[in-house]
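A.B. asks: Predicted model and sequence below, questions to follow.
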Amino acid sequence: MRPTTLLSLLALITSALHADEFPKPFNTEKGDPMPAEEVARTMQLPKGFKAVVFAAEPDVQQPIAMSWDAKGRLWVAENYTYAENPMRWDTKLRDRVIILEDKDGDGKHDGRKVFWEGGSYLTSVEIGYGGVWVLHNGTLSFIADKNGDDIPDGEPEVLLDGFNVKTIGHNIVNGLRWGPDGWLYGRHGITDTSSVGAPGTPADKRVKMNCAIWRYHPTQKILETVAHGGTNSWGHDWNENGDLFMINTVIGHLWHVIPGAYYRRMFGTHLNPHVYEIIEQTADHFHWDTGSESWSDIRKGISNKTLELGGGHAHVGMLIYQGGLWPKEYHGAVLTCNLHGNRINMDKLERQGCGYVGKHAPDFMQAQDKWFRGIDLLTCPDGNVIVSDWSDSGECHDNDGVHRTSGRIYKIVYGESKKAERSASNNWWARMDLQQQYEKGAGPAPRALRGLADADSKDGLIRLQTASDMRLLPFDQRWPIATALAKHEEDANDRQQPLMIWYGIEPAVAADPMKGVELIKEAKLPTVRRLVARRIAEMIEAKPEAVNALVQVMSTAASDKVITDVLEGLSAGLDGFSNAKKPKGWDALEKFLIGDGSDNTIRLTRNLSAVFGSGRAADELVAIVKNAEGDANARLNAFKSLSRTAKPELLPVIRGLINDKVLGTVSRSALAAYDDPNIPKAMLNPWPGRSEEQQAATVATLTSRPSYAKALLEAIKAKKVPTSALSPFQARQIRSLGDESLTKLLTEAWGEIRDTPEAKKAEFAKWEGFLTADTLKKADPSKGRMIFTAACAACHKLYGQGGAIGPELTGSDRHNLKYLLENILDPSAVVPADFRVSVLNLKDGRTITGVIPEQTERTLTVQTPAERLTIERTQIVKQEQLPVSLMPEGLLTALGDENVKNLIAYLMSNGQVEMPK
């Protein structure tokens, strides 16, 4: 017997879900901060400044982000779900957005409202277009409030999903801020990759993002990655010229964000493997003692040298002051909160070459409260500055707990507080006016792309913009621009310009390497010559004629510098190759270079001759692979050379690389070629919880052999690996291994898989024949959404709306009709353990049917289509778990052809649709 009939379930799903009260925050951090008023009174500030408590607990707690609205009210995102390691996030709690207002202009709030309490993983809030934009639960969502009554018009609309929250802790996506171009900007940290797009976007159309600044157009619905690199930026702002800057941690604090740029990463490699070289930070100094300290030493305490230099490497929040009220020396100053130093650092921006340099300036503020954790800084409508304080004694990793019941917002005032008045010198008003113009569709048009005429500009910033814009042009238009830019010898040692030229031309070189050879002949910039040669060298197997041309360039070059640059590029491109076909003319060139070259030239030539001759020895390749500090591309090339065949002597080498930040994923995949009982243990202990890519490679390898699959299933059963790591496809793969004991273990640890009966196959054929492409074109997805809301949304979530009894549908394979029909017509064919039905008979006579998402030693939580119940175990007479889904069979037949057509069209849609009027 099925636990519920179709009719009873359809009746249940029309019921409204229970609205829980906002969970009470609790602390796991011991102790308390100084009283807020005392913190403000004791802040050390320059003469003429003072700090005022704008708001403090209990009116504001966990203030992770702030934003102003056009009325001059402060919107604050309160994050309670952030938790200490190893939990990182506690989703039993919720996050919320509040509104604070200072009506009388005394610098202290005198009005407070709660706008929304439905958040989790909430990191950001921004206001505009008749509503509120939030980053929460792995999505960019919009909460409409068209009438401006400070009450949401409905549930959040998910605009983007796929931001990784499963494996990311404090590196989570954050930082919503309107840019001067009308786009909404955000930030993403380094610890794992996200695959982002509008709900329903296929995997191959999503934007891959790891350690980046990104932007989203609010009306055109376009997502772009602006620039890549850093560690975990938690602050950005624009100067008066409209140039973007970001703050960072550990490897440098201040960076000029150039669209299309690649900056230094703290670890790992860029998603584009052909970046090769990266741009360093814009500041000419660090705020910690890089000469004698490791970045992690600060957890033991701050040295006197680091105190003198600025207080530490961790920076959060950034503001380029343009408020017009403070003394002139602060105009354009970069202010950022220093996490460990309990202070606000200050830098001054100056033009240098094609960009800027950040110069050290005296710290602006020093707090005496050791719990001061500045998070965000904003210019106020009156020209002063507001600073939020997370108020916690730990650092961002929170190994010592979280103090959720504290939080402050301080206003740093020059002179006396007074009501804000419009001021032409305060960019708060100009930015707010500009944003409202964009919302009305009357904002300024985007700047025209720079072209060939701009490549010869005497202004370095214009040349930099020209190099940046190349990435947006067709390949044939890039070549003359790159050639003209590469002739500016004055840019040879510029921090960013040669690399920006390279980033812009790289894909064109890959498409037409012979044109790359011509660029090398014309270029005056060593970096451009070297990197173009390197890219060509990597294609030696597919495009040997281009490498032949490089040899010809070196043979006829009039300058030793050209020879050196091309030779270094060729050597770097082939570093890690075991062997390669000798290019034409190499023997004669080799003789010339060894007979008349420098020590470096002779060394490079001999190394290349080995590659073109007998090849590199395996020991040499192993050394390259094992060098964790070596060039990432060389290590990948060497790994490919070594792992082409499964050699027993290489097993210890490959197994030792499974946690490597560059080779971890490929080494886990390579282990599938070996049959060794120690491999599963090495790959599972510990489970690679911070990398989805390594998780996928691990599961793919461990489902390839029965002994490996057994170890994986035992780890799932022991809850060392989440059941979600194993997909239904991979579960079927394990079942197909033909081992009865393994199939039994699969059922116990993961879920039920059974064969599809003949009747179901016939029903499948019927609906597949009906739901043709032509039929679906004539369907109405809006009506389909209405059907989904009535028949499916109580259990399934799609586009951010719905229940959580069944699997999330947004990221599933919904564009595949076969996938949809298999899961709707035979929902119990594959039932992961998390969604198996349980039937509970209680002492009071009730029978409750649902899934069990949570349980403790004392209680069970049961989610039914209508409500979420927590039941004491002592009240349960009998508990039975069934190998079936809560989803009813016969759903499509009950709906009828027209409704089915509309429902399937909605399920296969690429984004949310409007409900029918």
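C.D. replies: Cool, got the structure.
A.B. asks: Quick check: phi and psi at the nearest residue to K524 once chain neighbours are set aside.
C.D. replies: Excluding its sequence neighbours, the residue lying closest to K524 (Cβ to Cβ, 6 or more residues apart in numbering) is E489, at 4.5 Å. In short, each C-beta sits where N, CA and C put it, glycine included. Backbone geometry at E489, expressed as degrees, to the nearest 10, gives phi -60, psi -30.
A.B. asks: E489 contacts L525, correct?
C.D. replies: Yes. E489 lies in contact with L525 (Cβ atoms under 8 Å); the separation is 7.4 Å.
A.B. asks: can you give me the strands for the stretch 151-300 of the chain?
C.D. replies: 157-161, 174-178, 184-188, 194-196, 207-209, 212-216, 223-230, 236-238, 244-247, 254-257, 262-265 (DSSP state E, counting those that start in this stretch).
A.B. asks: Could you tell me the angle between the third one and strand 157-161?
C.D. replies: Just to be clear, that refers to strand 184-188. 50 degrees (axes from the mean of the first three to the mean of the last three Cα atoms, to 10 degrees).
A.B. asks: Can you give the strand pairings for strand 184-188, parallel or anti for each?
C.D. replies: strand 174-178 (antiparallel), strand 212-216 (antiparallel) (DSSP bridges).
A.B. asks: first vs last residue of stretch 731-740, how far apart are they?
C.D. replies: 14 Å (Cα to Cα, to the nearest Å).
A.B. asks: So what's the gap between that stretch and the chain middle?
C.D. replies: Distance of stretch 731-740 from the chain centroid (Cα atoms, centre = their mean, to the nearest Å) equals 35 Å.
A.B. asks: list the buried ones in it?
C.D. replies: 731, 733-735, 737, 739 (16 or more other Cβ atoms under 10 Å).
A.B. asks: What average pLDDT does it get?
C.D. replies: What stretch 731-740 shows for mean pLDDT is 78.
A.B. asks: same thing with stretch 326-333?
C.D. replies: Stretch 326-333 comes out at a mean pLDDT of 98.
A.B. asks: ranges for the strands of the stretch 751-900 of the chain?
C.D. replies: Going by DSSP E, counting those that start in this stretch, the stretch 751-900 of the chain shows strands at 751-753, 797-798, 801-802, 830-832, 836-842, 847-855, 859-863, 868-872, 876-885.
A.B. asks: of all these, which lies closest to A542?
C.D. replies: Nearest of the strands of the stretch 751-900 of the chain to A542, taken as Cβ to Cβ: strand 830-832 at 41.7 Å.
A.B. asks: and L903, what pLDDT?
C.D. replies: Value for L903, per-residue pLDDT: 90.
A.B. asks: can you confirm I409 is in a strand?
C.D. replies: Yes. According to DSSP: H, G, I helix; E, B strand; the rest coil, the state of I409 is that of a strand.
A.B. asks: Quick check: longest strand in the protein by residues?
C.D. replies: For the chain, the strand with the greatest residue count under DSSP state E is strand 355-366.
A.B. asks: what's it packed up against?
C.D. replies: strand 254-257, strand 333-338, strand 343-352, helix 460-469 (3 or more Cβ pairs under 8 Å, 6 or more residues apart in numbering; DSSP states H and E).
A.B. asks: now do 7 Å
C.D. replies: Under the contact definition 3 or more Cβ pairs under 7 Å, 6 or more residues apart in numbering; DSSP states H and E, strand 355-366 sits against strand 254-257, strand 333-338, strand 343-352.
A.B. asks: How about residues contacting it?
C.D. replies: 43-46, 254, 256, 282-285, 310, 333-335, 342-350, 412, 464, 495-496 (Cβ atoms under 7 Å, 6 or more residues apart in numbering).
A.B. asks: Swap in 8 Å and give it another go.
C.D. replies: 43-46, 51, 243, 245, 254, 256, 258, 281-285, 310-311, 333-335, 338, 341-351, 412, 460-461, 464, 494-497 (Cβ atoms under 8 Å, 6 or more residues apart in numbering).
A.B. asks: What segments of the stretch 301-450 of the chain are strands?
C.D. replies: Under DSSP E, counting those that start in this stretch, the stretch 301-450 of the chain gives strands at 315-320, 333-338, 343-352, 355-366, 374-379, 385-389, 408-414.
A.B. asks: now those in a markdown table, with distance to S727?
C.D. replies: Output for the strands of the stretch 301-450 of the chain, formatted as a markdown table (distance: least, Cβ to Cβ, whole Å):
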| stretch | distance to S727 |
| --- | --- |
| strand 315-320 | 37 |
| strand 333-338 | 42 |
| strand 343-352 | 47 |
| strand 355-366 | 46 |
| strand 374-379 | 38 |
| strand 385-389 | 41 |
| strand 408-414 | 45 |
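A.B. asks: Y82: which of the ones you listed is closest?
C.D. replies: So among the strands of the stretch 301-450 of the chain, strand 374-379 is nearest, using Cβ to Cβ, at 11.5 Å.
A.B. asks: Which strands or helices does that closest one pack on?
C.D. replies: strand 63-68, strand 315-320, strand 333-338, strand 385-389.
A.B. asks: and of those strands, who's closest to V402?
C.D. replies: Closest among the helices and strands packed on strand 374-379, using Cβ to Cβ: strand 63-68, at 11.8 Å.
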